[in-house]
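need a structure here:
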Amino acid sequence: MTNGAPGLPRQPRSIWVSFALGALAVTVLVSTILLAALILVQMQDLSQGVERSQNIVNSNMRALSQAQREILRLTGLLERDDATAEQISLLRGFVGQRVQEASLPYQVFTLGSERLYEISLELRDRWQAEVEPLITQIMASPAAASREQYAAAIQQLQALELGYNRLVADGEINRRLQGAALNEAANNTLETTRRVITVLGLSAVAFVCLAAVAAFNTARLTAQREAATKALVEANRNLQTLSAVASRTRNMVVVADANGNIEWVNNAFVTSTGYTLEEAKGKRPGDLLQGKESDPETIRYMNERLMAGQGFEAEIINYTKGGQTYWIAIEVQPIVNEAGTLTNFVAMETDITFRKQTETALRAALEQEREARELKSRFVSMTSHELRTPLTTILTLSDFLKMADSSLTPEQRAERLDKIELAARQISALVDDVLHYDRTDTIWLQFSPQPVDLIELVRGLISELSAEPRHRYVCHLPEQPIVVMGDRPMLRQIVLNLLTNAAKYSTPPQPIDVELSSDGGMAVLRVRDRGIGIPVIERKHVFEPFFRGANTGGISGTGLGLAITRNAIDLHQGEISFESEEGQGTIFTVRLPLAAAQDTPA
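Now for the predicted structure:
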């Protein structure tokens, strides 16, 4: 009993210790559950706050910024001179739609305050009451609208765009304020969590079971770490294999981050562009490789797809580091992680410069073939028309002379022989023009420049042509000589072709004006007729060989005169131009370099 007496009190103490440990265990369990619940609630609040902030950003970008952008597009269209009613109507509809979306009730949540939402409604009312009616008036007849109407509309649009710009800025300030509040709430949550964990840690130190739990968790984490390490090794092995393939392919490979900035390029990229990985890293491929010949529409399409996180295929001109251009066919694919988040873009680029050059050469060859066929068709049409009439005249009159030889007087016989001679001369002139044009490529070998007084040349030709008084030539010639360095026969051909064309395509007794002057080191010859003129649609073809206007009717001609004239003027380093109005006449202007002082005869 003596030995057992001291042990009696220890039994209650053991019970209290067990009870205390049990109570401690319950306390730890309850505290852990409460902590988890508290953390879950606060984390849910944080998640909802972040989601609200993201919704604000998305809404601003989708409604307010789009309204601002469409207003800018409409303003830019009205500043152009070629805006059409259809274009103005389309953009007016876009602006109205975006303004209406920006004033929907949910924008209160987007903007973060009733005040900003009221401003959005005021901007909508201003558009409907003030700006849209101005746009509608201009759209009714863009060409007839006054500059004051355009200016008023543009000013109203600029003021409206400024209002939306301020609205977006104020909304962004609200978003930042809400973000700051969320950050403060997160910090408070973290601070509370740290305090609770500290208390629980101190309580848990006395609880032996935590050691077992820790051991279990350690074993589990170790197993997970080993599995992750194994997966990482396998991923590295696959990455090395893919890297080796990408490094050895002839195609250019570019790996960019989610923002489109280059992270890695293969050897083919370095070889083709001249940029090393160090030079390209951190830059956007478009900023590094695109230039003035890169198609803006293709660039816009590629940027839109990248901003949307989507893949695409395109063909575009790029520039090497040395400034040389080359064509690529590019295929871009987005890379996402297990959570579906965009992490990278991978671009495969193939050099298609040779293919593009081949296509260009083929198109040029086809165009040359088309021009050759068209030239042949004109030549056949011209020769068949111009030869048929004089040949018919020759054959008809020859047959007539044979049958009526004894009944014709000498005067009648002479008249018919003159017609035969005229027809023969027409054929001869046609052959001469064709042969002259055919020698165009070698005519420079016969080019013999010498000082030529254009006044003397023009007077002589007008004197010759005036022998046939069908037309009256009105000359405006200066008293002082106008001397050029040129081949006299070619200069004669130039002036003669212009004078005979003026006579051929105008009706007597309309006068033909001939003016000669000097201007800035150039001799200027103008020949004006008051004839049939040149149709607007045909003016670009005037100097093409064998081309004749649709309004020339039965007027004879080869279509080579102006082609020969322009070639001769080009050989003299001069230029020829014309002004024409159908039914009113044409003015041809030739400019030739004046001879230097030492070349001018004293």
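
Spit out the contact partners of I88.
L74, L77, L78, I135, I138, M139, P142 (Cβ atoms under 8 Å, 6 or more residues apart in numbering). To be clear about C-beta, it is placed using only N, CA and C from the backbone, and glycine gets the same treatment.

So what pairs up with T589 in the strands?
As for beta bridges, T589 partners with R526, S577 under DSSP bridges.

Would you state the helices of the stretch 201-350 of the chain in chain order?
With DSSP state H, counting those that start in this stretch as the definition, the stretch 201-350 of the chain shows helices at residue ranges 209-248, 267-273, 277-280, 285-289, 296-307.

what's the average pLDDT for the first one?
Just to be clear, that refers to helix 209-248. What helix 209-248 shows for mean pLDDT is 66.

what's the answer for the shortest one, then?
Averaged over helix 277-280, pLDDT sits at 92.

Okay, now the unreliable bits of the stretch 501-602 of the chain?
Low-confidence segments of the stretch 501-602 of the chain (pLDDT under 70): 546, 550-551, 553-554, 556-559, 597-602.

As a check, name the ranges of all strands in this protein.
For the chain, the strands defined by DSSP state E cover 252-257, 262-265, 312-319, 325-336, 342-351, 450-453, 472-476, 483-486, 511-519, 522-529, 575-581, 585-593.

number of nearby residues for G274?
Neighbours of G274 under the rule other Cβ atoms under 10 Å: 14.

ok, for it, nearest residue in space, not its chain neighbours?
Excluding the flanking residues, the one nearest G274 by Cβ to Cβ, 6 or more residues apart in numbering is K321, at 3.3 Å.

Give me the phi and psi for the one you found.
Per-residue torsions, K321: phi -60, psi -30 (degrees, to the nearest 10).

On the strand side of things, show who V474 bridges to.
In beta-bridge terms (that is, DSSP bridges), V474 pairs with D513.

before we move on, what about the one 10 residues further on?
Beta-bridge partners recorded for V484 (DSSP bridges): V452, L594.

who wins for most neighbours among the contacts of I88?
Result: L74 is most packed of the contacts of I88 (other Cβ under 10 Å), 25 neighbours.

ok, now which ones touch that one?
L74 neighbours (Cβ under 8 Å, 6+ apart): I88, L91, R92, F94, V95, I135, L157.

Now rank those residues by neighbours and give me the top one.
Of all these, the highest neighbour tally under other Cβ under 10 Å goes to V95, namely 27 neighbours.

tell me the pLDDT at the residue lying closest to that residue once chain neighbours are set aside?
The shortest distance from V95 to any non-neighbouring residue, by Cβ to Cβ, 6+ apart, is to E70 (4.6 Å). Note for E70: predicted pLDDT of 83.

circling back: just say which of the strands of the chain is most tucked in.
Sort the strands of the chain by mean neighbour count, taking mean count of other Cβ atoms under 10 Å, and strand 483-486 sits at the top with a mean of 22.

Could you give the average pLDDT over that one?
94.

With N344 as the reference, measure out to Q510.
Distance, Q510 to N344, by Cβ to Cβ, to the nearest Å: 78 Å.

nope, R194 is what I meant
36 Å.

and what of V474?
80 Å.

Ok, E582 next?
64 Å.

pretty sure R92 is in contact with L134, am I right?
No. If you go by Cβ atoms under 8 Å, R92 and L134 don't touch, sitting 10.2 Å apart.
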